[in-house]
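Student: just need the structure, nothing else, for what follows:
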Amino acid sequence: MQKTEPQIIRTEYSEIMQKSFIDYAMSVIISRALPDVRDGLKPVQRRTLYDMYELGIRFDRPYRKCARIVGDTMGKYHPHGDSSIYEALVVMAQDFKKGLPLVDGHGNFGSIEGDGAAAMRYTEARLQKITQEAFLADLDKDVVNFGPNFDETEKEPEVLPVRLPNLLVNGADGIAVGMVTSIPPHNLGEVIDATVAAIKNSDITTAELMKYIQGPDFPTGGIVINKDELAEIYETGTGRIRLRGKVSVEQTKGGKENLVISEIPYTMIGANIGKFLNDVAALVETKKTTDIVDISNQSSKDGIRIVLELRKGADTENLINMLYKKTRLEDTFGVNMLAVCDGRPETMGLKKIIEQHIDFQFEVNTRKYQTLLKKEQDKREIQEGLIKACDVIDLIIEILRGSTSQQQAKDCLVNGVTEGIKFKSRTSRKEAAQLHFTEAQATAILEMRLYRLIGLEIAALQKEYEATLKNIARYEDLLNNYDSMAKLIIQELQKLKKEYGRPRRTVVENGEEAVYEEKKAEEMEVVFLMDRFGYARTVDTPTYERNRETADAESRYVISCMNTDKICVFTDTGSQHLIKVMDVPFGKFRDKGKPIDNLCNYSSAQETVVAAESLQKLRMSLLIFGTAMGMVKQVEGSEFDVAKRTTAATRLQDGDKLLSVQCMGEAQTAVFRTAGGMCLRIPIGDIPLKKKGAVGVRGIRLNEGDRVEAMYYPDAERDKVAIVNEKEVHLDRLKIGSRDTKGTKIR
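Tutor: Got it, this is the predicted structure:
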């Protein structure tokens, strides 16, 4: 066998990458991430609903296990993993996410507070009635195109024949490659009214449509507060909707009041409810407000109810405005009305979406009534043949008795061929030669049962024929008359509105900007305490004085400061972290406090605190920096008064780490102690003043492999004595040497 030489195709690599990426991106956009403007469904949603329809899981039949639905959908239509299919199924059953749930779920399908649904093996589902009537009806009437599934073993619809603008009613969200869609849900009745108006007036404007559609209607209710901006959003298809939760004031005993949140912004669904509660608690802890006494989440399956218990005399209006400003009780919903239109992604305004739906409805109904018309025309042909046969039934019976085969009798009925057929008379033969039934009529005659010759049956046949003629006339009128078809579509839409419409939940208005006066905290002197485990707290000065001995023994850092000050924390990586004293828990002496990891960007797993001091003190001081490789410098403390919570306090050489940061104070000399037992005492005046971005100068010359372990300032009371090589050394008695020398070996 002759071997074929491999062909090497030379091409530009960038061109192949570009083409491959575009193919991949379009596959994600069209086949997974974006909904179709016609039915408002993503492929996974469409396939799941169609599979349930095929499995016969109808609204009036028993529920079936979701695992069965997911497995069948994945095996037949959507080979992208069971989790995506089940997630789509769950969302279509959640009435707090969808304005019009399409699936009737039985079991734990999650909650508005972010609880996940139970595993698919535990939950059950079936189609909602509206899904069956308005999404999946007439699939047997050739109303939409069907295409092969992924392995070409099944057929699936390219789009479902949805009768209402589902893209607007249920909204959509999805992330594709380089684009994202975010469409808010709307009220079913309002959308249908707008669609009917657009059918009646093809030149209708977006502003006129908005007389019917006030704005989004979220299943969680809430308040849209930028009504005047909606016109531009619906015109362009993009913008930002500002949402607020609904807050009311309840009077309680003793003249106190409670704030009750009964509706939340749509964007707060899920874990954001818990985050909101934490944010409110943080406002209380940080003394941003003292009006809130207690927070309780009393939400249930009946709805949202979050209660904030207030102290007597609280300023409720100011507090409500603070909640709008400082928490997600006021939030924004980004709108980008992007969907697949004519096979490509397109951002559309309100009018374009409704126009596309109307065009789709005319197409679906045209195909439906073409199919029904053909069926009625075929029925008419058969009925006419049977009626005609009843008039000459004796001749037909004579033909059948005289024929030797079914084909011979059929040829006589269709073409009048009488050869080979025995007739009783020449008259019969002559009449038989004049017969001209169609093929379909002849087949129906040959298959006709004798009971059809009963008088009542013949009358019923005549009645059916008249009904068929009426149907044909009606279908032809619908297909040939735009107004008739439009009237039919309007009637179907209004029927859906009457049966499934519901009152609007979301209020649309022009809300005033939330303005609140932030009460300034009462300035007071406190003591910042941080233990060796990194837990920090503040106490008032009298409390510290009463427990001074214990506090000094248990705390790594004890810093007197004002509660309006900041604590500057330096770490061995050369970083500086700022902590607002207001953010540090204030309370009793025995309170545990809060880890500084939670108060700033400090990470206990990656860095170690080497010094901490109040920013107010640093501003008026010179700082001495010392590193493990013996580098030193002085820096003006004002350089560390920065806005950022985390910044570089110094520059380190590779392999070096910050060892000591000390306010100079009254210190005159500094002592280096190395791991090898070397000590060097130098005048602080020999340490140059540098910027915080400088490395510094060498303070001590280290032997190979040696490193500085500590720095002392013996003029300070606490640094008089140090233990070196298990010996007690009086540092203030060490001879003062020169910078950049090796120092004295302690033996």
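Student: CA atoms for contacts and neighbours, from now on please.
Tutor: Will do.
Student: surely L100 is in a strand?
Tutor: No. Under DSSP: H, G, I helix; E, B strand; the rest coil, L100 sits outside any strand and is assigned coil.
Student: centre of the chain to stretch 128-147, how far?
Tutor: 28 Å (CA atoms, centre = their mean, to the nearest Å).
Student: other residues contacting it?
Tutor: For stretch 128-147, contacts defined as CA atoms under 8 Å, 6 or more residues apart in numbering pick out 50, 53, 58-60, 101-104, 155-164, 363-368, 371-372, 500.
Student: how about stretch 272-290?
Tutor: If you take CA under 8 Å, 6+ apart as the criterion, stretch 272-290 is touched by 113, 292, 295, 319, 323, 326-329, 518-519, 521, 582-585.
Student: can you check the pLDDT for D23?
Tutor: pLDDT recorded at D23 is 69.
Student: wait, I meant L55
Tutor: Looking at L55, its pLDDT is 95.
Student: I'd like to know how many residues surround it.
Tutor: For L55, the count of nearby residues is 13 (other CA atoms under 10 Å).
Student: repeat for V284
Tutor: If you count neighbours by other CA under 10 Å, V284 ends up with 16.
Student: repeat for the one 3 residues further on
Tutor: Residues near K287, counting by other CA under 10 Å, number 18.
Student: got any ranges where the chain has weak pLDDT?
Tutor: Scanning the chain for pLDDT under 70 picks out 1-5, 23, 25-31, 451-456, 515-521, 716-719.
Student: show me where the stretch 301-450 of the chain has its helices.
Tutor: Taking DSSP state H, counting those that start in this stretch as the test, the helices found in the stretch 301-450 of the chain are 316-326, 350-391, 393-402, 406-415, 426-432, 439-447.
Student: quick one: which of the ones you listed is nearest N598?
Tutor: helix 316-326 (18.9 Å; CA to CA).
Student: quick one, what contacts E229?
Tutor: E229 touches nothing, counting by CA under 8 Å, 6+ apart.
Student: which ones among the contacts of stretch 272-290 lie within strands?
Tutor: I292, I295 (DSSP state E).
Student: out of the contacts of stretch 272-290, the closest to G239 would be?
Tutor: G239 lies nearest to R328 out of the contacts of stretch 272-290, by CA to CA, at 18.8 Å.
Student: measure the residue nearest to that closest one when sequence neighbours are not counted to T220 for me?
Tutor: Spatial nearest neighbour of R328, excluding adjacent residues (CA to CA, 6 or more residues apart in numbering): F276 at 6.3 Å. Distance, F276 to T220, by CA to CA, to the nearest Å: 16 Å.
Student: for those two, indicate the residue with more neighbours.
Tutor: T220 (25 against 17).
Student: quick one: contacts for the residue nearest to Q383 when sequence neighbours are not counted?
Tutor: Nearest residue to Q383 in three dimensions, chain neighbours excluded: Y465, at 6.1 Å (CA to CA, 6+ apart). By CA under 8 Å, 6+ apart, the contact list for Y465 reads R380, Q383, E384.
Student: thought L461 was touching the second one, still the case?
Tutor: In other words, Q383. Yes. With contacts counted by CA atoms under 8 Å, Q383 reaches L461, the gap being 7.1 Å.
Student: which one of those two has more residues nearby?
Tutor: Per other CA under 10 Å, whichever of Q383 and L461 has more neighbours is Q383, with 20 against 17.
Student: quick one, strands of the stretch 401-550 of the chain?
Tutor: Counting by DSSP state E, counting those that start in this stretch, the stretch 401-550 of the chain has strands at residues 507-508, 525-531, 535-540.
Student: hang on, the earlier thing: are any of the contacts of stretch 128-147 buried, and which?
Tutor: Listed as buried from those are 50, 53, 58-59, 101-104, 156-164, 364-368, 371-372; burial here means 16 or more other CA atoms under 10 Å.
Student: helix, strand or coil for the residue nearest the centre of the chain?
Tutor: Compute the mean C-alpha point of the chain, and by CA atoms, centre = their mean the closest residue is D173, 6.7 Å away. Three-state assignment for D173 (three-state DSSP): strand.
Student: I figured it hits M179, correct?
Tutor: No. Using CA under 8 Å, D173 is not in contact with M179; the gap is 11.1 Å.
Student: secondary structure element for D279?
Tutor: For D279, the host element (DSSP states H and E) is helix 271-285.
Student: no no, K633
Tutor: Applying DSSP H and E as the criterion places K633 in strand 631-636.
Student: now do that strand: which elements does it pack against?
Tutor: strand 622-627, strand 697-698 (3 or more CA pairs under 8 Å, 6 or more residues apart in numbering; DSSP states H and E).
Student: next up, the contacts around R707.
Tutor: By CA under 8 Å, 6+ apart, R707 lies in contact with A628, M629, G630, T674, A675, G676.
Student: next structured bit after the strand holding K633?
Tutor: Going down the chain from strand 631-636, the next helix or strand is strand 646-648, by DSSP H and E.
Student: can you give me the buried ones in that next one?
Tutor: By 16+ other CA under 10 Å, the buried positions in strand 646-648 come out as T646, A648.
Student: okay, the angle between the helix or strand just after it and strand 631-636?
Tutor: The element immediately downstream of strand 646-648 (helix or strand, assigned by DSSP H and E) is strand 658-663. Interaxial angle, strand 658-663 versus strand 631-636 (axes from the mean of the first three to the mean of the last three CA atoms, to 10 degrees): 30 degrees.
Student: which residue ranges of the stretch 101-250 of the chain form helices?
Tutor: 129-134, 166-169, 188-200, 206-209, 230-236.
Student: just those helices: most buried one?
Tutor: A comparison of those by mean neighbour count, using mean count of other CA atoms under 10 Å, puts helix 166-169 on top with a mean of 24.
Student: and S202, how many neighbours does it have?
Tutor: When neighbours are defined as other CA under 10 Å, S202 has 10 of them.
Student: same deal with E509?
Tutor: E509 has 14 neighbours, counted by other CA under 10 Å.
Student: tell me how far it lies from P345.
Tutor: Here E509 is placed at a distance of 32 Å from P345 (CA to CA).
Student: and for L55?
Tutor: Counting by CA to CA - L55 and P345 are separated by 32 Å.
Student: mind listing what's buried in the helix holding D279?
Tutor: When burial is assessed from 16+ other CA under 10 Å, helix 271-285 yields the following buried residues: N272, I273, F276, L277, D279, V280, A281, L283, V284, E285.
Student: next one: it to chain centre, how far?
Tutor: 20 Å.
Student: would you mind writing the CA trace of that helix as CSV?
Tutor: In CSV, the C-alpha atoms belonging to helix 271-285 read as follows (Å, rounded to 0.1, in the frame of the first residue of the first chain):
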residue,chain,number,x,y,z
ALA,A,271,-26.8,36.0,50.0
ASN,A,272,-27.2,39.8,49.7
ILE,A,273,-30.0,39.6,52.3
GLY,A,274,-27.5,38.3,54.8
LYS,A,275,-25.0,40.9,53.7
PHE,A,276,-27.6,43.6,54.3
LEU,A,277,-28.2,42.4,57.8
ASN,A,278,-24.4,42.4,58.4
ASP,A,279,-24.1,45.9,57.0
VAL,A,280,-26.8,47.2,59.3
ALA,A,281,-25.0,45.4,62.3
ALA,A,282,-21.8,47.1,61.2
LEU,A,283,-23.4,50.5,61.2
VAL,A,284,-24.4,49.9,64.8
GLU,A,285,-21.0,48.4,65.9
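Student: all set, thanks.
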